[in-house]
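Trainee: Structure for this input, please:
(5 chains, ligands or ions: 4)
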Amino acid sequence: MAAHAGGLSTTAAAVVVRDLVRSYGTGAGVLDGLDLEIAAGEFVAILGRSGSGKSTLLRALAGLDHDVRGSGRVEVPRNVSVVFQDSRLLPWARVLDNVVLGHEAPPARAREAGRAALAEVGLAGRERAWPNELSGGEQQRVSLARSLARSPELLLADEPFGALDALTRLRMHDLLRDLLRRHHPSVLMVTHDVDEAIVLADRVVVLDAGRIALERRTPARDGSRPTADPGPHRTLRAELLEALGPDTDPARKDTL
Amino acid sequence: MAAHAGGLSTTAAAVVVRDLVRSYGTGAGVLDGLDLEIAAGEFVAILGRSGSGKSTLLRALAGLDHDVRGSGRVEVPRNVSVVFQDSRLLPWARVLDNVVLGHEAPPARAREAGRAALAEVGLAGRERAWPNELSGGEQQRVSLARSLARSPELLLADEPFGALDALTRLRMHDLLRDLLRRHHPSVLMVTHDVDEAIVLADRVVVLDAGRIALERRTPARDGSRPTADPGPHRTLRAELLEALGPDTDPARKDTL
Amino acid sequence: DDGTGGLAPDAALPTEVPAGTTLAIGDPTTQKAFELAGDAIDTDFDFEIEWANVSGGPQTVEAFNAGVLDIGAVAEIPAVHAAWTGLDVQIYASQYREDWQEHPVYELASAPGVELDDLADLRGRRIAFSPGQAQGALVLKVLREAGLDQDDVELVELPSTGDVYPTALAAGEIDVAPVGGTALLRYLDSYGPDGATSLRHGLRDDPGHLYGPTAVVRDPAKAAALRQYVAAWAQARVWIYEHPEIWKEKYYVEDQGLTEEDAQYLVDTAARPEIPADLTEGIARTQDTVDLLAAELDRPELVAADLFDERFGPVAGEAAEQAWGAR
Amino acid sequence: MGCAVTAVVQAGRVTAPGRATAHQAVDVRPRVRRLGLRKPVPLAAGSGVVLLLAVWTAGSATGLIDPRVLSAPWTVVTTGVDLAVDGRLVENLAVSLGRAAQGLAWGVLAGVTLALLSGLSRLGEALLDGPIQVKRAVPNLALLPLLILWFGIGEEMKVVTIALGVFIPIYIHTHNGLRSIDKRYVELAETLRLDRRRFVTRVVLPGALPGFLLGLRFAVTGSLLALVVVEQVNGTAGIGYMMELARTYGQTEVIVVGLVVYGVLGYTADQAVRLLQRRALTWRRTLED
Amino acid sequence: MGCAVTAVVQAGRVTAPGRATAHQAVDVRPRVRRLGLRKPVPLAAGSGVVLLLAVWTAGSATGLIDPRVLSAPWTVVTTGVDLAVDGRLVENLAVSLGRAAQGLAWGVLAGVTLALLSGLSRLGEALLDGPIQVKRAVPNLALLPLLILWFGIGEEMKVVTIALGVFIPIYIHTHNGLRSIDKRYVELAETLRLDRRRFVTRVVLPGALPGFLLGLRFAVTGSLLALVVVEQVNGTAGIGYMMELARTYGQTEVIVVGLVVYGVLGYTADQAVRLLQRRALTWRRTLED
Ligand SMILES: Nc1ncnc2c1ncn2[C@@H]1O[C@H](COP(=O)(O)OP(=O)(O)OP(=O)(O)O)[C@@H](O)[C@H]1O
Ligand SMILES: Nc1ncnc2c1ncn2[C@@H]1O[C@H](COP(=O)(O)OP(=O)(O)OP(=O)(O)O)[C@@H](O)[C@H]1O
Ligand SMILES: [Mg+2]
Ligand SMILES: [Mg+2]
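Mentor: Ligands and ions are numbered 1, 2, ... in the order given. The predicted structure follows:
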């Protein structure tokens, strides 16, 4: 351990992952010596093929893999909030109760905050619905509202917009930026949308073969990220797609 | 009923939906007089905001809404296959058993077909895994394999690629095209990806306020769909996005 | 063996009941008789009674063990079994039936179609047998009387609870069973037309005892209270016999919920109680029963006299005598 | 309104008969093989019981059922009315129901508490679960002497005995229910940093509720059945006492009245719990819906 | 190997103590409040039972437990050994277990069949469920005369009585289990056009398996407990008969031997079913994992 320990304690990173190894059952390691640091307030997006271990990494950071074999060093802030890949609402609790579950504020204030968060994700009036009376995208938005109503130091989001249409997704981007502005959490977000990664994150990493295969800062930008110069955006996009799937036909990438 | 009945029986459409009304509980109708026809062998993509009723429509076509209030006329072929929005694998059946569940062929042949379908979606070797040992995208691919291993007359797919990364998604597009070539089913696919809709479908419809708000043929194309002229593609894309969300900032659409 | 340092087993019974003495008694019929008789029975006790609706062998033994009962009213067998269990008990008073031949507790009921004219007909029969109960002991006595061995018949172990015996008879699963009271009446009523009969065995099955843990009578206070209770108990026996109408109406019909006919039958077949002042004869008969059971059921020998506290005999006997006289 | 439309089933096309209410209200849906259950027909639920009664009545009337074995329904009714009129039935029932309710309350409390203690910690499980399983395996009859020793022969012993019978199904079902809660919700609770209390009230208890309610169905009938045993000991009133008395006097028809009362009580109580089940579990979408 | 690393917990940062096995094998994970259960400690499961035995032994040794009420463990052991040596215990046990197994087999068969009939169709439910609930509510003791009448007092009656007791929990749990199957899987089965047979074997039975297995836990102990009742009737062998005989003769120590045998049997059977439960339900990810 001596090799890393010294360095770890002095870094200002909010998240430090060193030499992370995780494997399920007897198979090959899903994560195989992964290193990652996230600075306080930094927004990192992860790309990676289906099954490459993105959720496994997030679960390791959230401390949810007690029983998974592996080694490595993981340091995270105390106050972590997770948006799961499935929306993971308690089926027996109504929408608002799901949103305020475990909220630190006193009940009345928490419910107020929850109601506001629900309104923000476009679900005002659905507070008393049961989760399974919602459409897929609505469930995902409730799960998002649950995270937005809190102020974590680290937000781990596993494809938080996967079930949303393009325009609802844009609105959710705004909400996320809002949260960033207010509380400056570090963010690690899994997404399958390369453009989304570029638009939202400060840094994009590609997970492959159990390690970070590529790591790129996104073009420097001011508050209004979307108006970035399309030039560097294009190049980065191509590079990321290349890293994701070296064997695919480049002609197709354009149409995506 | 006289108004529609005559027309219905004479049309060659595989799917006929007339005046479809559906509403849950006491709320306003989710579907409110929707009309839709799908010709035999036609591929229709539906876009629509989260909660606009896309899944509700698919469920109506699949005959799964016995207990939902509503009226209208729905005619579908006998042999319908559904890819649900959630991947909906039986948790107590291993992956291969899930894929061959209800397969018409004799067991050995069915398992052969299932194994092949699993290999096609990139899950060779995972036949004996339990569904909840799979990543989100892997589950979705199993569910896809289940549909690919059959030969339906109508395929209803509810965001079948939502949890897949860009490149796995491209591979799945190929598989879907393959299925189309072999069995010529009619397809109704929900997607949130406008480009995907344009690239895959013969026709794209936008669902809004309980009806088909916009309906467009995609640019004529030969077998190699992706190489279509980007010109009409762009225009169509802008038009569809406009129909989806009239209130959004057009500057952002470009970055998506 | 009175390690309690209390009243010696042969000391004279004390008559002074100290204040605050209580007896926990499981003797429902006496309780009811006290209630109905009013002043006719001297129930002006110097102690408190805690009534419990507990009767029969197993229940009283369990209650004795738990220390929640001082006296119980049972038939012949429980005291013997209690002794075999290791529970030290004493019988304080006994009642018999003066006209026991005409008023047996049980008769031998036969299944429809089974000829039963005398005890010899029992040979080869399937007979219901409940080892721990009075009916079980009776079956053994009957067999001995008939000169039969356990091997000459087929003893079918059946609990005598509820209507199991009549049902098993009716179903033809057994040929003979000891049945008594209203159950016999109803059985013969129901299945008599099908050929069911009953046979009187001509043996004594009439003993009834008041008994309790030996520790109770070693306590001088309780012994004195017991003395008063035994006297009243004897009077109650007589009173019940002499007031069949009240007993029928207030006890059988109102309290126990019997129909008029059933109650009438019970009153009609009620025997004249015999409450001896001298227990010697009863002890001898008990010894006989003990010997039989010990031999047949492979239990240790027991001296019956050790089970009886003969000091109470005269108390009961005199009280009964007075009650008869008061008529 | 009411102008029925016949089914239009063409080759290779599935529709279903609908009912045209007006020009707009055609309702033609694909006819699919339903594997789930249809909506229950109101009152139909009782038809099995009604049939049972009918068979009993018919059997008794035709003499196929020997009245000496099973009293005829009318005998039972008249006996029941007699018992009701002279007040004994009602009085006994009231005493018994009071006892059963008390035992039930204590048993449920104990069962849930122990299930939580043993279900949510390995220490609790190690200490509690074994003895409870042993208790469950041991015949109640054999425990009675011990219970008399500890709790006497009065009301306390009766309530304790009932509670001891009741707590077993509650414990097992609640324990099993909470142990079956989906791991995903536990993970959610962990990431939301719920404290134990909230974890129990928001996740464990509602998640175990279906199991608990099933246990309650057993507990309710169990509490009633236990009366038969406990009221044999020093009973002076109660439905169990009434039946025991009838047994000693061989009053078949009173026993059958008791059985009918038991049947009615048990059936009603069970239906009540199932109603509660449906109410409390509206969030579920199951085969039944 | 074995060089322990102490926890590094800095302000605002969570790590946990790890164990360095070598340069590469550091394992430092975030320390989160665990709400789920840890891995079970092997053998610890028995500690509650061991404690119970210890209390019994201590109580008997100090005289706090009256040997007339509850025999001392050593008395039970010697009596047990005596009974085992003269062969009575083993013989009685063999007879009883055979009976219980037969009753169990029939009861399970009947319970599952009826649960399917009543669980999967409204007609079946209407006809079957009511009478079964009524049967459940009626005291078994009261049924004994009827059973004697119909099935005699021989082996048949004993097996039938056991089966009648067993089928109730199997029925209720299987019924409840299958009715609780997630609607989504039923819909899946409908769209896959599964026939009834496959629907039952692939969806209903595996989906109801957790419920069934819980029912089996009750059924197994139930079948053993029923022996006490049935073997009183025309018994000549069997553990229930042995205990009944001991009761009538007041052989407390034999009764307690019986109770211990019951405890051991019941506990073992229950553990076996729970093992089966774990094996058969590996696909589940629950609070327990
Ligand atoms: N509980 C488990 N048991 C066994 N294997 C597992 C388990 N969970 C995940 N895996 C495997 O580990 C690999 C990584 O899974 P993970 O969920 O991290 O992928 P992912 O990158 O999130 O994929 P996706 O984009 O599809 O969600 C996959 O191959 C998956 O099958
Ligand atoms: N079982 C239900 N009970 C009540 N309301 C429901 C139910 N199912 C769906 N709804 C509501 O109906 C509307 C349409 O739902 P539907 O699932 O069809 O949307 P969708 O277009 O598929 O959305 P998404 O893209 O988010 O999946 C939503 O507002 C949803 O909340
Ligand atoms: Mg994932
Ligand atoms: Mg949807």
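Trainee: Just the closest residue of chain D to ligand 2, please.
Mentor: Across chain D, no residue is closer to ligand 2 than D:R285, which sits at 7.6 Å (Cβ to the nearest ligand atom). The C-beta positions use only the backbone N, C-alpha and C, and glycine is treated the same way.
Trainee: Counting neighbours, what do you get for the spatially closest residue to that residue that is not a sequence neighbour?
Mentor: Excluding its sequence neighbours, the residue lying closest to D:R285 (Cβ to Cβ, 6 or more residues apart in numbering or on different chains) is E:K183, at 4.0 Å. The local packing of E:K183 (other Cβ atoms under 10 Å in any protein chain shown) involves 16 other residues.
Trainee: what's the longest helix in chain C?
Mentor: helix C:220-242 (DSSP state H).
Trainee: downstream neighbour of that helix in the secondary structure list?
Mentor: For helix C:220-242, the succeeding helix or strand toward the C-terminus, using DSSP states H and E, is helix C:244-246.
Trainee: dump the residue contacts of A:V190.
Mentor: A:45-46, A:48, A:54-55, A:58, A:85, A:157-159 (Cβ atoms under 8 Å, 6 or more residues apart in numbering or on different chains).
Trainee: what's the answer for A:V99, then?
Mentor: By Cβ under 8 Å, 6+ apart, the neighbours of A:V99 are A:114, A:117-118, A:142, A:145-146, A:149.
Trainee: what about it, which helix or strand?
Mentor: Going by DSSP H and E, A:V99 is part of helix A:95-100.
Trainee: Show me the longest strand that occurs in the chain.
Mentor: This is for chain A. strand A:13-23 (DSSP state E).
Trainee: Hmm, no, I was thinking of chain C.
Mentor: strand C:89-97.
Trainee: could you check the angle helix C:220-242 makes with that strand?
Mentor: 20 degrees (axes from the mean of the first three to the mean of the last three Cα atoms, to 10 degrees).
Trainee: who does strand C:89-97 touch, helix- and strand-wise?
Mentor: helix C:77-85, strand C:208-213, helix C:214-218, helix C:220-242, strand C:273-274, helix C:312-325 (3 or more Cβ pairs under 8 Å, 6 or more residues apart in numbering or on different chains; DSSP states H and E).
Trainee: for the record, mean pLDDT for the fifth one?
Mentor: The pLDDT scores in strand C:273-274 average 90.
Trainee: any residues touching it, and which ones?
Mentor: C:95-98, C:237-238, C:241, C:320.
Trainee: Adjacent strands (with direction) for that strand?
Mentor: strand C:89-97 (antiparallel) (DSSP bridges).
Trainee: circling back to that earlier point, out of the contacts of A:V190, which is nearest to ligand 4?
Mentor: A:E159 (15.9 Å; Cβ to the ion).
Trainee: Those residues of chain A touching ligand 2, which are they?
Mentor: A:133-138, A:163 (Cβ under 6 Å from any ligand atom).
Trainee: With neighbour count added, can I get these in TSV?
Mentor: Converted to TSV, the residues of chain A next to ligand 2 look like this (neighbours: other Cβ atoms under 10 Å in any protein chain shown):
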residue	neighbour count
A:E133	17
A:L134	20
A:S135	19
A:G136	22
A:G137	30
A:E138	23
A:A163	24
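Trainee: And these, which is the shakiest by pLDDT?
Mentor: Lowest confidence among these: A:A163, with 88.
Trainee: how close does it sit to ligand 1?
Mentor: 13 Å (Cβ to the nearest ligand atom, to the nearest Å).
Trainee: try D:T268
Mentor: From D:T268 to ligand 1 the distance is 46 Å (Cβ to the nearest ligand atom).
Trainee: next one: phi and psi at that residue?
Mentor: The phi/psi pair for D:T268 (degrees, to the nearest 10) reads phi -60, psi -50.
Trainee: Any idea which residue of the stretch 51-200 of chain D lies closest to ligand 3?
Mentor: For the stretch 51-200 of chain D, Cβ to the ion, closest residue to ligand 3: D:R184, 13.3 Å.
Trainee: my guess is that residue meets A:D86, correct?
Mentor: Yes: assessed by Cβ atoms under 8 Å, D:R184 is found in contact with A:D86 at 7.2 Å.
Trainee: Just say helix, strand or coil for residue 71.
Mentor: Picked chain A for this. Using DSSP: H, G, I helix; E, B strand; the rest coil, the secondary structure recorded for A:S71 is strand.
Trainee: my bad, the chain I had in mind was chain D
Mentor: D:S71 ends up coil, using three-state DSSP.
Trainee: quick one: average pLDDT of stretch A:144-151?
Mentor: 89.
Trainee: Dump the strand or helix carrying D:P145 to CSV, keeping only the CA atoms.
Mentor: D:P145 is part of helix D:140-151 when elements are defined by DSSP H and E. The C-alpha coordinates for helix D:140-151 follow below in CSV (Å, rounded to 0.1, in the frame of the first residue of the first chain):
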residue,chain,number,x,y,z
ASN,D,140,-48.8,-27.4,22.3
LEU,D,141,-50.6,-30.0,24.4
ALA,D,142,-47.2,-30.8,25.9
LEU,D,143,-46.6,-27.2,26.7
LEU,D,144,-49.9,-26.8,28.6
PRO,D,145,-48.5,-28.1,31.9
LEU,D,146,-45.6,-25.7,31.8
LEU,D,147,-47.9,-22.8,31.0
ILE,D,148,-50.2,-23.7,33.9
LEU,D,149,-47.2,-23.8,36.1
TRP,D,150,-46.1,-20.3,35.0
PHE,D,151,-49.4,-18.6,34.5
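Trainee: Where does pLDDT dip in the stretch 101-250 of chain C?
Mentor: Within the stretch 101-250 of chain C, no stretch has pLDDT under 70.
Trainee: Quick check: residues of it near chain E?
Mentor: C:130-133, C:136, C:156-159, C:162-164, C:167-168, C:170-171, C:173-174 (Cβ under 8 Å from any Cβ of the partner chain).
Trainee: Let's see that with 10 Å instead.
Mentor: Residues of the stretch 101-250 of chain C lying near chain E by Cβ under 10 Å from any Cβ of the partner chain: C:126, C:128-133, C:136, C:155-159, C:161-168, C:170-174.
Trainee: In strands only, show me these.
Mentor: C:126, C:128-129, C:155-157.
Trainee: Just send those back as a markdown table, with distance to ligand 3 and neighbour count too.
Mentor: Shown next, in a markdown table, are these (distance: Cβ to the ion, whole Å; neighbours: other Cβ atoms under 10 Å in any protein chain shown):
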| residue | distance to ligand 3 | neighbour count |
| --- | --- | --- |
| C:R126 | 74 | 20 |
| C:A128 | 73 | 28 |
| C:F129 | 73 | 24 |
| C:L155 | 74 | 22 |
| C:V156 | 71 | 22 |
| C:E157 | 68 | 20 |
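Trainee: what's the closest of these to C:R200?
Mentor: Checking these against C:R200 by Cβ to Cβ gives C:A128 as the nearest, at 17.2 Å.
Trainee: give me the beta-bridge partners of that closest one?
Mentor: C:V156.
Trainee: C:T161 is in contact with that one, correct?
Mentor: No: if you go by Cβ atoms under 10 Å, C:A128 and C:T161 don't touch, sitting 11.7 Å apart.
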